[in-house]
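J.: no sequence on this one, just coordinates:
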């Protein structure tokens, strides 16, 4: 009996197994990575929390949650809902207006303290931008928001259906990643089917 035959067989099986590792990793990456944005968690910071439905002052601007509504989305995971938050920000002075150019990030948090970042796969309102700074359409660049003038923008989210009724919207500025404003709607959408109309 040849002693090398079992070694060759073992060597072939080892190479086969090593070849499977990158293939499995690539398959997982293709299936999981596109969906990570829906479940990205943001933590930390001290929130500024105004009364439900009321505006809050943060970083020299007045922030308010104009509405929290259902959104259309395809291919949602089972048991998930899509919502869009419309946020209004009014800079109090020129410095606050310039700070908006650096960008804002919105997230939603439920009563169980679970947090989700915005999902680009959800289509919100066609008439609103997804950035908190106004854009100059001739140069395609962000411009400072005018003091005293409200800028309305939107962020959309995919959340579990059981979270919808207790959602609060958190907004962080790019330069102030720790502190944020947490806006509570005066009336949250229900976790039931999307209203008609």
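T.: Ah, there it is. What you see is a predicted model; the values in this text were computed from it and never measured. Residues are numbered from 1 along each chain as shown.

J.: and the residue nearest to residue 175 when sequence neighbours are not counted, what does it touch?
T.: Spatial nearest neighbour of residue 175, chain neighbours left out: residue 102 (5.3 Å); criterion: Cβ to Cβ, 6 or more residues apart in numbering. No exception for glycine: its C-beta is placed from N, CA and C like everyone else's. Contact partners of residue 102, counting by Cβ atoms under 8 Å, 6 or more residues apart in numbering, are 173-175.

J.: starting at the chain centroid, how far to stretch 111-120?
T.: Stretch 111-120 sits 7 Å away from the centroid of its parent chain (Cα atoms, centre = their mean, to the nearest Å).

J.: one step back: filter the contacts of residue 102 to the buried ones?
T.: For the contacts of residue 102, a burial check counting by 16 or more other Cβ atoms under 10 Å picks out residue 173.

J.: Return the member of the contacts of residue 102 nearest to residue 68.
T.: Relative to residue 68, the closest of the contacts of residue 102 is residue 173; by Cβ to Cβ it sits at 20.5 Å.

J.: measure the closest one to residue 20 for me?
T.: For residue 173, the distance to residue 20 equals 46 Å [Cβ to Cβ, to the nearest Å].

J.: One more: residue 91?
T.: 56 Å.

J.: now swap in residue 139 and tell me
T.: 51 Å.

J.: What of residue 92?
T.: 59 Å.

J.: who has more neighbours, those two?
T.: Taking neighbours as other Cβ atoms under 10 Å, residue 92 and residue 20 compare with residue 92 leading, 14 against 10.

J.: Hmm, that one is touching residue 147, no?
T.: Yes - assessed by Cβ atoms under 8 Å, residue 92 is found in contact with residue 147 at 6.3 Å.

J.: Using CSV, lay out the contacts of residue 102 together with secondary structure, distance to residue 69 and pLDDT.
T.: Shown next, in CSV, are the contacts of residue 102 (DSSP: H, G, I helix; E, B strand; the rest coil; distance: Cβ to Cβ, whole Å; pLDDT from 0 to 100):
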residue, secondary structure, distance to residue 69, pLDDT
173, strand, 24, 90
174, coil, 26, 82
175, coil, 29, 73
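
J.: Show me how the chain divides into domains.
T.: 4-36, 40-183 (automatic domain parsing).

J.: Run the chain-centre distance for the last one.
T.: Its chain's C-alpha centre and that of domain 40-183 lie 8 Å apart, by Cα atoms, centre = their mean.
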